[in-house]
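Trainee: quick one: sequence plus predicted model below, questions after.
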There are 2 protein chains.
Amino acid sequence: MDAYKVRERIRSGQHKKTTSGLANDNVQANLVVLPKEYAFDFLLYAMRNKTPIPIIEVLEDGKFKSRYAKDSDIRTDIPFYNIYKNGELVDTVEDVKEFWQDDFVSFLIGCSFTFEDALIKANIPLKHIEENKNVAMFKTNIPTERAGVFHGNMVVSMRPIKKEFVDQAVEITSQFKDMHGGPVHIGDPSAIGITDIRTPDYGEAIELSEDEVPVFWGCGVTPQNAILQAKPPIMISHKPGYMFITDINNEAFKDSK
Amino acid sequence: MDAYKVRERIRSGQHKKTTSGLANDNVQANLVVLPKEYAFDFLLYAMRNKTPIPIIEVLEDGKFKSRYAKDSDIRTDIPFYNIYKNGELVDTVEDVKEFWQDDFVSFLIGCSFTFEDALIKANIPLKHIEENKNVAMFKTNIPTERAGVFHGNMVVSMRPIKKEFVDQAVEITSQFKDMHGGPVHIGDPSAIGITDIRTPDYGEAIELSEDEVPVFWGCGVTPQNAILQAKPPIMISHKPGYMFITDINNEAFKDSK
């Protein structure tokens, strides 16, 4: 199904599941919405932490239509949104029109679904997709570089990769420099501060088999983590795993400059 | 002379000329200082117009020391600063400490001196350097992409290049993708809205010989042009040609991602 149709289904409430595997060739994006007062610090935070926070598009205050998604409305075209007030999750909703403020600035941020598509095409098995699950995401002890009020540790996504495919997975994902790029860590979870690999902080748990290695990539949920520490009066984000689907082909980010 | 020493000479008022050709291996930067209220729009404007406005560093409000220049102070380490109020040039000074506000955000922007160094090393003659002049800069009719209050046309730097060297000059400067990159135009000045090639809008006039072609590159003075149209209450910039000298080697920007 093409991206336009998928957005339409989401908008009308017909699709309420994770967007993983939907409109497979298309770039899916994380969303962060903040009052303009926080927009400079956040944009700078993203620039300084490109691996977990690759900016695809910024919608200035007053705008809610993505230039990369025909007839889109970022206030309605994501299955679920999280509403945070003063750093606390206060609501999860299907439509954020009633929360919208004229001074809201929106950031669309790259997502690892883009390189997953390339991994699948290279016949590297991705277990969470085979098991129809949301990817497992973890808070780490890897610090991000502060900008203004934003700071905190990186969030990573983890995929169990069979030993014989690890090198190839590194090579393929490294080609997506502006879409998280290669892994930030391979192997021992405790080396990056993850104490229990069976209980992810976001997404769903996934089992590691004997012949699999946990491979970790920078994750677009990182900014949610930083924003919660900065405690803005309001912040809206997608629910992790439930993304905004653009009309851009994933290949556009391969070996991008 | 190394960059640290040059900054010291500038700070103490011993060097009052253009910085062209100084600390040749080092990246020189354009400066834009704005109240934080304008910082988001400006950072986004730069991101959307990377060719003329390649951001090297952003100094958040409260900061005036570049991480790329040891013991530096951007308020004193440039020979001359232009002070603009409500879009009008009101003063040109050697030190901006007395104008400094706590909410000032500073942007260091790439400069074509970086690729000039590479051109010189490839034995491509650069006439303005041979004649000890500031480079000629022109307003064009090439539109930039708007962001918030910032919009306007691109400013370009022009260098007369001997016909036989044009291809090579294109090739070399194209390697500096994050430092203006290749030319935005070659040849007929009127095609980009320049009516008189003998009267530049900034810098110094330079004569074109029969065997030379005018070659135009995106210029870091572009934001000054956009800011003057937005008329912020105050904006501080370097005087064109009088740059901030960093400790970064020019080569660091060659073929940068």
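Mentor: Ah, there it is.

Trainee: only C-alpha atoms for contact and neighbour calcs from this point on.
Mentor: Fine.

Trainee: ends of stretch A:7-26, what's the gap?
Mentor: The first and last residues of stretch A:7-26 sit 12 Å apart, counting by CA to CA, to the nearest Å.

Trainee: may I see the buried residues of that stretch?
Mentor: For stretch A:7-26, the neighbour count (16 or more other CA atoms under 10 Å in any protein chain shown) marks A:7-11, A:13, A:18-20, A:22-26 as buried.

Trainee: tell me which residue is most central in chain A.
Mentor: The central residue of chain A, meaning the one whose C-alpha is nearest the mean C-alpha position (CA atoms, centre = their mean), is A:Gly220 at 3.6 Å.

Trainee: contacts only, for it.
Mentor: A:30, A:52-54, A:109-112, A:155 (CA atoms under 8 Å, 6 or more residues apart in numbering or on different chains).

Trainee: name every strand pairing with whichever strand or helix holds A:Met154 and say which way it goes.
Mentor: When elements are assigned from DSSP states H and E, A:Met154 belongs to strand A:153-162. Strand A:153-162 has the following sheet partners, assigned by DSSP bridges: strand A:136-143 (antiparallel), strand A:212-218 (antiparallel).

Trainee: wait, does the next helix or strand after that strand contact chain B?
Mentor: The C-terminal neighbour of strand A:153-162 among helices and strands, as given by DSSP H and E, is helix A:166-174. No - no part of helix A:166-174 sits close enough to chain B to count as contact by CA under 8 Å from any CA of the partner chain; the gap is at least 12.6 Å.

Trainee: show me what helix A:166-174 packs onto, helices and strands only.
Mentor: Contact analysis of helix A:166-174 by 3 or more CA pairs under 8 Å, 6 or more residues apart in numbering or on different chains; DSSP states H and E lists helix A:113-121 as its packing neighbours.

Trainee: returning to that earlier point: which ones, among the buried residues of stretch A:7-26, also lie beside chain B?
Mentor: With the criterion set as CA under 8 Å from any CA, no member of these is near chain B.

Trainee: strands along chain A, start to end?
Mentor: In chain A, the strands defined using DSSP state E lie at A:26-35, A:55-59, A:81-85, A:88-93, A:104-109, A:136-143, A:153-162, A:185-186, A:212-218, A:235-238, A:244-249.

Trainee: and the ones you listed: which comes nearest B:Lys239?
Mentor: strand A:55-59 (31.0 Å; CA to CA).

Trainee: now the closest one: mean pLDDT?
Mentor: In this model, strand A:55-59 carries a mean pLDDT of 96.

Trainee: that one packs against which elements?
Mentor: For strand A:55-59, the packing partners by 3+ CA pairs under 8 Å, 6+ apart come out as strand A:104-109.

Trainee: can you give me how far the strand it packs on is from the chain middle?
Mentor: 13 Å (CA atoms, centre = their mean, to the nearest Å).

Trainee: picking up where we left off before, please indicate which of the contacts of A:Gly220 are buried?
Mentor: Buried subset of the contacts of A:Gly220 (neighbour count, 16+ other CA under 10 Å): A:30, A:52-54, A:109-112, A:155.

Trainee: tell me the one of these nearest chain B?
Mentor: Distance ranking of the buried ones among the contacts of A:Gly220 against chain B, using CA to the nearest CA, places A:Pro54 first at 12.6 Å.

Trainee: what's the most buried one of the strands paired with strand A:153-162?
Mentor: By mean neighbour count, with neighbours taken as mean count of other CA atoms under 10 Å in any protein chain shown, strand A:212-218 ranks first of the strands paired with strand A:153-162 at a mean of 22.

Trainee: give the rounded mean pLDDT of it.
Mentor: Mean per-residue pLDDT for strand A:212-218: 97.

Trainee: got it, and stretch A:82-90?
Mentor: Taken as a whole, stretch A:82-90 has a mean pLDDT of 94.

Trainee: who touches that stretch?
Mentor: A:91-93, A:227-239.

Trainee: out of the residues you listed, which are buried?
Mentor: The neighbour count (16+ other CA under 10 Å) marks A:92, A:227-232, A:234-239 as buried among the contacts of stretch A:82-90.

Trainee: from those, which shows the smallest pLDDT?
Mentor: Least confident entry in the buried ones among the contacts of stretch A:82-90, by pLDDT: A:Leu228, with 84.

Trainee: need the contact list for that one.
Mentor: In this structure, A:Leu228 makes contact with A:84, A:86-88, judged by CA under 8 Å, 6+ apart.

Trainee: how far does stretch A:95-112 sit from its chain's centre?
Mentor: So, by CA atoms, centre = their mean, the centroid of stretch A:95-112 is 14 Å from its chain's centroid.

Trainee: end to end on it, go ahead and measure it.
Mentor: For stretch A:95-112, the first and last residues are 24 Å from each other (CA to CA).

Trainee: would you mind listing what in chain A touches chain B?
Mentor: Taking CA under 8 Å from any CA as the test, the list of chain A residues beside chain B reads A:39-41, A:43-44, A:58, A:60, A:147-148, A:257.

Trainee: in the residues you listed, find the pair that's most separated.
Mentor: That would be A:Gly148 and A:Lys257, which, of the residues of chain A next to chain B, are the farthest apart (CA to CA) at 27.2 Å.

Trainee: the more surrounded of the two?
Mentor: For A:Gly148 and A:Lys257, the more surrounded residue by other CA atoms under 10 Å in any protein chain shown is A:Gly148, and the numbers stand at 15 against 12.

Trainee: from what I see, the more buried one and A:Tyr38 are in contact.
Mentor: No - applying CA atoms under 8 Å, one finds A:Gly148 not in contact with A:Tyr38, separated by 9.0 Å.

Trainee: can you list the domain ranges for chain A.
Mentor: Per the record's domain assignment (automatic domain parsing), chain A is made up of the domains A:3-111+A:229-251, A:113-218.

Trainee: how about the contacts made by the residue lying closest to A:Glu212 once chain neighbours are set aside?
Mentor: Taking CA to CA, 6 or more residues apart in numbering or on different chains as the measure, A:Glu212 lies nearest to A:Lys162, with 4.2 Å between them; neighbours along the chain are not counted. For A:Lys162, the contacting residues are A:211-213, by CA under 8 Å, 6+ apart.

Trainee: for chain B, state which of those is nearest.
Mentor: Nearest to chain B among the contacts of A:Lys162 is A:Val213, at 29.5 Å by CA to the nearest CA.

Trainee: re the thing from before, selecting buried members of the residues of chain A next to chain B in ChimeraX, what would you type?
Mentor: Those of these that meet the burial criterion (16+ other CA under 10 Å) are gathered into one ChimeraX selection, given here:
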select /A:39,40,41,43,44,58,60,147
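
Trainee: return the subset of the residues of chain A next to chain B lying in helices.
Mentor: Of the residues of chain A next to chain B, the ones assigned to helices by DSSP state H are A:39-41, A:43-44.

Trainee: pLDDT and distance to A:Asp117 added to those residues, as a markdown table?
Mentor: Formatted as a markdown table, those follow (pLDDT from 0 to 100; distance: CA to CA, whole Å):
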| residue | pLDDT | distance to A:Asp117 |
| --- | --- | --- |
| A:Ala39 | 97 | 31 |
| A:Phe40 | 97 | 32 |
| A:Asp41 | 96 | 32 |
| A:Leu43 | 97 | 27 |
| A:Leu44 | 97 | 29 |
